[in-house]
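A.B. asks: This is a predicted model, with the sequence first.
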Protein chains: 2
Amino acid sequence: MGGMTTARPRARRADAERSIARILAAARARLAADPNATTDDIAKAAGVGRMTLYGHFRTRAELVEAAMVDALRAAEEPLAAVDLEGDARTVMERLLESSWELVAESGALLDAAQGVLPAGRLRELHEGPAKRVEELIERGREEGAFRTDLPTVWLVSVVHYILHGAAAERTAGRLRKAEAGPVAVKSVLSVLAA
Amino acid sequence: MGGMTTARPRARRADAERSIARILAAARARLAADPNATTDDIAKAAGVGRMTLYGHFRTRAELVEAAMVDALRAAEEPLAAVDLEGDARTVMERLLESSWELVAESGALLDAAQGVLPAGRLRELHEGPAKRVEELIERGREEGAFRTDLPTVWLVSVVHYILHGAAAERTAGRLRKAEAGPVAVKSVLSVLAA
DNA sequence: TAGAACTCGTACATCTACGTACGAGATAAG
DNA sequence: CTTATCTCGTACGTAGATGTACGAGTTCTA
């Protein structure tokens, strides 16, 4: 290969980059709130025409996947920045406080992707971030801080279900914005505790 | 009024009753598995023609509501039969063991009903059974068995999210059929414990 | 067994969402 | 300024799902 990292014939124009960013942001927000959100909904939320959206994403499935990838990438960032010093419980608390919303959003997007993306592709995408939580839970079990009477795979899942629930309750107005986070974190830690 | 409790001109025929029962059972199963199940899916699962279904339920929304009512009625039964003697934790354990699947099913149907039924109607239907869980949680808080650092409304919700999650994990094959129940019960009790 | 109730296939009208085609006008890049 | 890129409206074709209309055949009920 001649030194080019991508095979793109030419760079995108600046306004195109902007449009794509707005569409992805809107897709993440709308799809997390409603897995059945239409391309029209998303285009309107992004403030662009539907045809502009189709100019950048050929199909709805492609858009859903791109939104998923974007959300997971966004979630990975604070997860990677978390200080891993200290006992597992403390680390988990820090991790959740800094990223529970992003993790919950990714979970909601997973719902939206269910059925439009092949199952294998989903697991593949979701694997990276989930691995991080899983490893921390494993570590907590070895340290004696987390319970060992339930399968690890379930503990990983239940974290997602609780975070998703907290986000949903906040959206529904049954939890105040400020209390949803602490409530979710406390609940998760209670389930994990030995 | 002349003593008639219903205005029905005549009784339904036996085969009609049978059809309705099969349709409702199929609707509960299919909608719990997939909130977007079509009337055709449900009719096929029930082993009746789509037109028969429409003969008994005018619209899809009406069918969803009927399925919801039926599932809630079914869930109410074992809930009402639970022995209330003993401390709140023990009672909650008995209650969950005997009915966690039905409660989880109702939760899944709630998803399906979201958007097709008016929000008020949903809350109205769901109120009865939820009340039962809520009262038990309140009682546990007063007894000192359950935590008081989180809002009761959230504790009620989180019970549902965990049960729903356990059912989903089992369906996905990540939990064995036999272990899903105990896993769900243990997890819920951990979150509720003081 | 006569009649009413029920089943259920086919055909059709409607609606909604996806995705395509075309093209005029706006905007960024060189 | 010139050109390629991008935006985005309108219009169209397609597909799937809902709900209606008709009618022939079947099964309960009395």
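C.D. replies: Happy to help now that I have it. Numbers count the residues shown, from 1 in each chain, chains lettered A, B, ... in the order given.

A.B. asks: C-alpha from now on. contacts and neighbour counts both.
C.D. replies: Will do.

A.B. asks: Next secondary structure after whichever strand or helix holds A:Ala67?
C.D. replies: Remark: A:Ala67 resides in helix A:60-81, with elements defined by DSSP states H and E. Read in the C-terminal direction, the helix or strand following helix A:60-81 is helix A:88-113, with elements assigned using DSSP H and E.

A.B. asks: hmm, who's touching the helix holding A:Ala67?
C.D. replies: Contacts made with helix A:60-81 from outside it, assessed by C-alpha atoms under 8 Å, 6 or more residues apart in numbering or on different chains, are listed as A:24-25, A:27-28, A:39, A:57, A:95, A:98-99, A:102-103, A:105-106, A:109-110, A:112-113, A:116-117, A:125-126, A:129.

A.B. asks: May I see the ChimeraX selection of the buried members of those residues?
C.D. replies: If you want just the buried ones from these in ChimeraX, going by 16 or more other C-alpha atoms under 10 Å in any protein chain shown, the selection is:
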select /A:24,25,27,28,39,57,95,98,99,102,103,105,106,109,110,112,113,126,129
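
A.B. asks: How far does the helix holding A:Ala67 sit from its chain's centre?
C.D. replies: Averaged C-alpha coordinates place helix A:60-81 at 6 Å from its chain's average position (C-alpha atoms, centre = their mean, to the nearest Å).

A.B. asks: Taking helix A:88-113 as reference, get the angle to it.
C.D. replies: Angle, helix A:60-81 to helix A:88-113, by axes from the mean of the first three to the mean of the last three C-alpha atoms, to 10 degrees: 170 degrees.

A.B. asks: quick one, phi psi at A:Arg176?
C.D. replies: Geometry field for A:Arg176 lists phi and psi as phi -70, psi 150, criterion degrees, to the nearest 10.

A.B. asks: So which elements touch the lowest-mean-pLDDT helix or strand in chain A?
C.D. replies: Scoring the helices and strands of chain A by mean pLDDT, DSSP states H and E places helix A:119-143 at the bottom, with a mean of 92. Counting contacts by 3 or more C-alpha pairs under 8 Å, 6 or more residues apart in numbering or on different chains; DSSP states H and E, helix A:119-143 packs against helix A:60-81, helix A:88-113, helix A:152-171.

A.B. asks: Spatially central residue in chain A, please.
C.D. replies: When chain A is reduced to its mean C-alpha position, the nearest residue by C-alpha atoms, centre = their mean turns out to be A:Ser106, at 2.1 Å.

A.B. asks: give me every residue that touches A:Asn36.
C.D. replies: Contacts were defined as C-alpha under 8 Å, 6+ apart; by that measure A:Asn36 touches A:Ala112.

A.B. asks: so it, which of the three states?
C.D. replies: With DSSP: H, G, I helix; E, B strand; the rest coil as the basis, the three-state label of A:Asn36 is coil.

A.B. asks: ok, now how distant is it from B:Ala43?
C.D. replies: When C-alpha to C-alpha, to the nearest Å is the yardstick, A:Asn36 and B:Ala43 sit 23 Å from each other.

A.B. asks: check contacts around the closest residue to A:Trp100 other than its chain neighbours.
C.D. replies: With C-alpha to C-alpha, 6 or more residues apart in numbering or on different chains as the measure, A:Leu163 is the residue that lies nearest to A:Trp100, at 6.5 Å, once sequence neighbours are left out. Contact analysis of A:Leu163 by C-alpha under 8 Å, 6+ apart lists A:Trp100, A:Glu101, A:Val103, A:Ala104, A:Ala184.

A.B. asks: number of nearby residues for the closest residue to the third one other than its chain neighbours?
C.D. replies: When the adjacent residues along the chain are set aside, A:Val103 lies closest to A:Ala75, with 6.3 Å between them (C-alpha to C-alpha, 6+ apart). Residue neighbour count, defined by other C-alpha atoms under 10 Å in any protein chain shown, stands at 21 for A:Ala75.

A.B. asks: for A:Lys177, same thing?
C.D. replies: Residue neighbour count, defined by other C-alpha under 10 Å, stands at 13 for A:Lys177.

A.B. asks: quick one, what contacts the residue nearest to it when sequence neighbours are not counted?
C.D. replies: Closest residue in space to A:Lys177, ignoring its immediate chain neighbours: A:Arg170 at 6.0 Å, by C-alpha to C-alpha, 6+ apart. With contact taken as C-alpha under 8 Å, 6+ apart, A:Arg170 is in contact with A:Arg176, A:Lys177, A:Ala180.

A.B. asks: Could you check how far A:Glu138 is from A:Lys131?
C.D. replies: Here A:Glu138 is placed at a distance of 10 Å from A:Lys131 (C-alpha to C-alpha).

A.B. asks: higher neighbour count, those two?
C.D. replies: Neighbours around A:Glu138 and A:Lys131, counted as other C-alpha under 10 Å, are more numerous at A:Glu138. The numbers are 18 against 12.

A.B. asks: confidence score at the closest residue to the more buried one other than its chain neighbours?
C.D. replies: Using C-alpha to C-alpha, 6+ apart and skipping the chain neighbours, the partner closest in space to A:Glu138 is A:Thr152 (7.2 Å). Looking at A:Thr152, its pLDDT reads 97.

A.B. asks: Determine the number of other residues adjacent to A:Thr152.
C.D. replies: The number of residues packed near A:Thr152 is 17, by other C-alpha under 10 Å.

A.B. asks: you'd agree it is up against A:Ile137?
C.D. replies: Yes. With contact defined as C-alpha atoms under 8 Å, A:Thr152 and A:Ile137 form a contacting pair (7.3 Å).
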